[in-house]
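# Got a predicted model here, sequence first, then my questions.
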Amino acid sequence: MPRTSLTITGETPDRARIEQLLQGDAILVFDDCDLSGADLSRLDLQDAQFRNCALLETSFYAAKLARTQWQRCRAGHADFEAAELVDARFASSDLNNTSWRRARLASASFRSCKLTGASFEEVTYLGLSFEDTLLVGADLRRMSFRKMKLVGLDFADADLSGCDFRDAVFEGGGLREAHIKDARFDGADLREADLGGLQLVNAKLFAGATISPRQAAELVRAMGLNVA
């Protein structure tokens, strides 16, 4: 039998209030609520929806958040460490400087989000997707984007050490000043990506990748060479 929904609008609920709401077994829908700074660690909030909510510095440590939906939320510095976020959906949300360390993000998606400075250390990410999202300065070390279509992803100054971009297709976005030590780009299509800041020492990482004539000219100029 389908679960019923319970909408909480315009409230500032604390942990005790949410625990009380969870006793009814309804799917909770938080609309325009302020949960900033709340300790929601280890709560079972599966299937919950968060719309236009303030979640600044909120702790979701080890919370059960599978299949949750997050729309137009402001969650700077929120803590999602060790949370279960399988099939979660984030859209048009500010998630700058959030921590996702050891989170389970299998089949989760981020669309039109801001993840500047976010940390994805040791996450479980099979099926994880990003689209039209800022990942400026994010920690994405050793993640795999192999054979993915990467639409509008800004990896500027991100830590991409050890990442796998083999056969990935970049549609917009870029890698300006990104840290790409030991990353792999074999077979990647980078023709639409911003490659500003690529150094000669990193050129070997792009062996077998495809770039445009314009990008090639920019790389040559960056090496201090003149094309006659």
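Right, received. Where do you want to start?
# What sits closest to residue 61 if chain neighbours are left out?
residue 41 (3.9 Å; CB to CB, 6 or more residues apart in numbering). (C-beta placed from N, C-alpha, C; glycine too.)
# Could you tell me how many residues sit around the one you found?
Look at residue 41: counted by other CB atoms under 10 Å, it has 16 neighbours.
# got the residue ranges for the helices in this structure?
Ranges of helices within the chain are 15-22, 213-222, based on DSSP state H.
# Give the other helices and strands that the shortest one contacts.
Going back to what we said before, that points to helix 15-22. strand 27-31 (3 or more CB pairs under 8 Å, 6 or more residues apart in numbering; DSSP states H and E).
# still on that earlier bit, identify the residues contacting the residue nearest to residue 61.
Residues near residue 41 by CB atoms under 8 Å, 6 or more residues apart in numbering: 59, 60, 61, 62, 63.
# Least reliable of the helices of the chain by average pLDDT, please.
If the helices of the chain are sorted by mean pLDDT, helix 213-222 sits at the bottom with a mean of 73.
# quick one: that one to chain centroid distance?
Centroid separation for helix 213-222 versus its chain: 30 Å, with CA atoms, centre = their mean, to the nearest Å.
# cool, stretch 181-201 as well?
Centre to centre, stretch against its chain (CA atoms, centre = their mean), the figure for stretch 181-201 is 20 Å.
# Dump stretch 22-35 to PDB, keeping only the CA atoms.
Extracted as PDB, the C-alpha positions of stretch 22-35 are listed here (Å, rounded to 0.1, in the frame of the first residue of the first chain):
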ATOM      1  CA  LEU A  22       8.600  10.200  11.500                       C
ATOM      2  CA  GLN A  23       6.500   8.100  13.900                       C
ATOM      3  CA  GLY A  24       3.600   8.400  11.500                       C
ATOM      4  CA  ASP A  25       5.400   6.600   8.700                       C
ATOM      5  CA  ALA A  26       4.300   9.200   6.100                       C
ATOM      6  CA  ILE A  27       6.700  10.500   3.500                       C
ATOM      7  CA  LEU A  28       7.800  13.900   4.800                       C
ATOM      8  CA  VAL A  29       7.700  16.900   2.400                       C
ATOM      9  CA  PHE A  30       9.600  20.000   3.800                       C
ATOM     10  CA  ASP A  31       8.500  23.100   1.900                       C
ATOM     11  CA  ASP A  32      10.300  26.400   2.600                       C
ATOM     12  CA  CYS A  33      11.500  25.100   6.000                       C
ATOM     13  CA  ASP A  34      14.600  26.300   7.800                       C
ATOM     14  CA  LEU A  35      16.600  23.300   9.100                       C
END
